[in-house]
Each structure stands twice: as structure tokens, then as C-alpha cells.
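> The sequence isn't on hand, but the structure is:
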Ligand SMILES: NC(=O)c1ccc[n+]([C@@H]2O[C@H](COP(=O)([O-])OP(=O)(O)OC[C@H]3O[C@@H](n4cnc5c(N)ncnc54)[C@H](O)[C@@H]3O)[C@@H](O)[C@H]2O)c1
């Protein structure tokens, strides 16, 4: 897909991997709507990139419908959806104070997995009636963000790993369902990325984490994630697959 001039929607677009993706897609001539729950982050990304910032909670049906409608009104139907909204609070299944609150587990699943599904279904519903873009019948592409934690979950990542495992499982079935409409579905499973999530850790902890990566021995750059999103948009054969982007790291139990 030649993305120039087309419209995209990026969730979690106010920070980290989402913000880098917004910037990259803007540089390629896309009209981009950046959806986030963080009002200040939305304003900043608008100022920095000229994207349309929209306050949106991906878990909320009405909030997502309203945001997608606003984006469509401004940019036309979106051809690219990149789901980056997510949280990763550490918590043991049974901690020192007993079993973890069930509501905590549900919240992570709700934002990371249900939120991704909510975006996919409403994005695809609007895209299916749109014109095809080329002779192959392509209409658009969805890129979801999983994590290496879907495969090598560490102690304390029960909810997070389960949510990302759900995104991995969702990937092929969505690619199969949407194939007849010319909509591809891909997922990226990043390893350790240098976003506010990890850059907030003490320098020593960051270096220790980076040292676990076989090569390159550093945290990933958000721009490397955005670059893979671009290749996924461009390369039509990329469909129904989860790509690990992790410097060959396999996470230890803790
Ligand atoms: N940073 C890493 O090392 C890493 C590794 C693997 C996977 N990931 C995944 O990549 C994605 C982006 O992570 P990041 O590191 O850029 O994190 P980040 O915290 O920098 O950005 C996440 C953004 O999502 C937004 N968000 C949270 N809940 C939301 C909701 N309900 N609705 C809309 N927006 C919401 C936040 O406000 C924030 O701006 C996440 O899904 C994360 O799990 C990150």
C-alpha cells in the first residue's frame, strides 16, 4: 500500500511507540488521528506532528465510535489502524498480601485486549464499504501491538502476558475473516523498547535490561517500531503474522 495521502488512526498515539508511529506516518504524508486517554499527550503530539489528537478510551464503545467518526469527518475513511494503547502494571497472581484483586487483572485485559478488539471491529466496519485501493483489492491494514511477554511471560506479568497472548491469538483469525474484504491484520511483538515505560527506570536497571539483549545490546528505539509499521503497510504479503522485534531476547523467568 502506498500510504501517502491516506488516513490512519493510531491508539496510544500520545506516547512511546504510538507517538513515534504518528510522527513517522505523518512524515510519509498520511492524515493521522492520534487517540489517547492522556489529554496533555494528545496536545503535545498535535503540536509536534500536525496530527489530529482525539481524547479516547479504547475500552469504551461510545468513546471509540465518536473518535473514529471525528477522524473520518476530518480525513475520510481510515485505511491504517495501529493499536498501541496499553498498560503493563506488574503484579503477582498471589502476592504477600494474598490473591491479587480480580479487578486488576480485568483492567489489563480490558485495555490491552478488549480495547484492541474494540478498535478493530469499529475500524473494519467503516472500512469494509470503502473503495478498494488497487487491483489486488486491498482496502487497508491493521497493526496490533503484542509483546514478547505473550511467549516468555516473566513472574509478575500474568495479566499483561495473558492480554498480549490474546492479541497473538486474535491475529490469524482476524486476518482470515477480513481477507475477503482486502484488509490485512498483523501484529508486532516488541522486546525491550526505550519508551517512557522503561526510560523511567533507574539508569542501572535500564543497562541491566539492555545487557540481556543478545544483539544489539540496547533498548529498541520507538522509531524502529514505526519503521516496521511502515514496512507492514507497504508489503502486501505481510498478513496474519506476528513479528517479534526483540534483538533475539528470550526473557528469563524474572
Ligand atoms: N515499551 C516496551 O518495552 C514494550 C514492549 C512490548 C510491548 N509494548 C507495548 O507497546 C504498546 C505501547 O507501549 P509504550 O511503551 O509506547 O507505552 P506508553 O506508556 O509510552 O504509551 C501507551 C499509551 O497508551 C495510552 N493509553 C493507556 N490506556 C489507554 C486507553 N484506555 N485508551 C487510550 N489510550 C490509552 C497511554 O495514555 C499512553 O499514552 C503497549 O501496548 C505495550 O504493551 C511495549
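Looks like it came in fine. Keep in mind the model is a prediction, meaning the values are calculated, not measured. Residues are numbered from 1 along each chain as shown.

> How many neighbouring residues does the residue nearest to residue 248 when sequence neighbours are not counted have?
Excluding the flanking residues, the one nearest residue 248 by CB to CB, 6 or more residues apart in numbering is residue 214, at 4.2 Å. C-betas here are computed from N, CA, C, even on glycine. Residue 214 has 10 neighbouring residues, counting by other CB atoms under 10 Å.

> And the pLDDT for residue 214?
The model reports residue 214 with a pLDDT of 97.

> what residue ranges in this protein score low on pLDDT?
By pLDDT under 70, the chain has no low-scoring segment.

> Which helix runs longest in it?
For the chain, the longest helix by residue count, based on DSSP state H, is helix 158-179.

> packing partners for that helix?
Secondary-structure packing of helix 158-179 (3 or more CB pairs under 8 Å, 6 or more residues apart in numbering; DSSP states H and E): helix 102-109, helix 115-127, strand 140-145, strand 183-190.

> hang on, the earlier thing: which residues sit in contact with the residue nearest to residue 248?
Neighbour list for residue 214: 247-249 [criterion: CB atoms under 8 Å, 6 or more residues apart in numbering].

> any idea which of the residues you listed is closest to the ligand?
The nearest member of the contacts of residue 214 to the ligand, counting by CB to the nearest ligand atom, is residue 249 at 10.5 Å.

> All the helices of this protein, residue numbers only.
For the chain, helices defined by DSSP H occupy the ranges 16-27, 39-49, 61-75, 102-109, 115-127, 158-179, 196-199, 203-211, 222-234.

> Need the winner for burial among those helices.
Of all the helices of the chain, helix 16-27 has the most neighbours on average by mean count of other CB atoms under 10 Å, namely a mean of 24.

> Which residues of this structure lie near the ligand?
Neighbours of the ligand within the chain, by CB under 6 Å from any ligand atom: 11-12, 14-18, 35-38, 41, 56-59, 84-88, 111-112, 115, 145, 147, 190, 192-193, 195-198.

> now with 5 Å?
Counting by CB under 5 Å from any ligand atom, the chain comes close to the ligand at 12, 14-17, 36-38, 57-58, 84-86, 111, 145, 147, 190, 193, 195-197.

> contacting residues for residue 31?
Contacts of residue 31 (CB under 8 Å, 6+ apart): 5-8, 52, 74-76.

> And the residues you listed, which of them are buried?
Burial by neighbour count, judged by 16 or more other CB atoms under 10 Å, picks out 6-8, 52, 75 from these.

> Mind picking the two most distant members of those?
Maximum pairwise distance in the buried ones among the contacts of residue 31, criterion CB to CB, is 14.1 Å, between 6 and 52.

> Let me see the contact set for the nearest residue to residue 190 once chain neighbours are set aside.
Nearest non-adjacent residue to residue 190, counting by CB to CB, 6+ apart: residue 245, 5.1 Å away. Neighbour list for residue 245: 188-191, 220, 224-225, 228 [criterion: CB under 8 Å, 6+ apart].

> Alright, I will stop here.
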